[in-house]
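Trainee: with the input below, show me the fold.
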Amino acid sequence: MNLKPLADRVVVKPLSKEEKSPGGIIIPDTVKEKPSEGEVIAVGPGKVADNGERISIEVKIGDRVLFGKYSGTEFELKGEKYLIMRDNEIFATL
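Mentor: Numbering: from 1, shown residues only. Coordinates of the predicted model:
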């Protein structure tokens, strides 16, 4: 991918969850929850601190991460949906 986020931003591809409930009922798109799990696709170089040092980002490309339900900004690139968010919006790696 030829996409390079700036500063402390991370590009995440949301992972879809199962489209059926445990009871076998198919869940329509209108009531599905926004995914809160995804795969890191691109990582920026990190934020520059007040003293001029660069603060590196803890996640790397390929990590599976958990993030807030309404975190980031959605965008579409070549037919795929992605989220771009700050590294502090990521809660954990899996």
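Trainee: C-alpha only now, for contacts and for neighbours.
Mentor: Fine.
Trainee: what sits against Arg54?
Mentor: Going by Cα atoms under 8 Å, 6 or more residues apart in numbering, Arg54 touches Gly46, Lys47, Val48.
Trainee: top of those by neighbour count?
Mentor: Ranked by the number of neighbours (other Cα atoms under 10 Å), those place Gly46 first, at 20 neighbours.
Trainee: ok, it touching Lys4?
Mentor: No. Contact between Gly46 and Lys4 fails when scored by Cα atoms under 8 Å: they sit 11.7 Å apart.
Trainee: what do the two both touch?
Mentor: With Cα under 8 Å, 6+ apart, Gly46 and Lys4 have no common neighbours.
Trainee: which stretches of the chain form strands?
Mentor: 9-14, 37-43, 47-48, 54-55, 64-67, 73-77, 80-86, 90-93 (DSSP state E).
Trainee: related to what we said a few turns ago, tell me the one of the contacts of Arg54 nearest Ile61?
Mentor: Of all the contacts of Arg54, Gly46 has the smallest distance to Ile61: 13.8 Å, by Cα to Cα.
Trainee: beta partners for the most centrally placed residue in the chain?
Mentor: The centre of the chain sits closest to Val12, judged by Cα atoms, centre = their mean, with a distance of 2.9 Å. Counting by DSSP bridges, Val12 forms beta bridges with Val40, Leu83.
Trainee: CSV please, covering the contacts of Arg54 and showing distance to Asp8 and pLDDT.
Mentor: Output for the contacts of Arg54, formatted as CSV (distance: Cα to Cα, whole Å; pLDDT from 0 to 100):
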residue, distance to Asp8, pLDDT
Gly46, 4, 94
Lys47, 5, 93
Val48, 9, 92
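Trainee: for Ser16, state which of those residues is nearest.
Mentor: For those, the nearest to Ser16 is Gly46 (27.8 Å; Cα to Cα).
Trainee: phi, psi for that closest one please.
Mentor: Main-chain torsions, Gly46, degrees, to the nearest 10: phi 110, psi 160.
Trainee: from Val59, how far out is it?
Mentor: Per Cα to Cα, to the nearest Å, Gly46 is found 11 Å from Val59.
Trainee: can you check Ala92 too?
Mentor: Ala92 sits 9 Å away from Val59, going by Cα to Cα.
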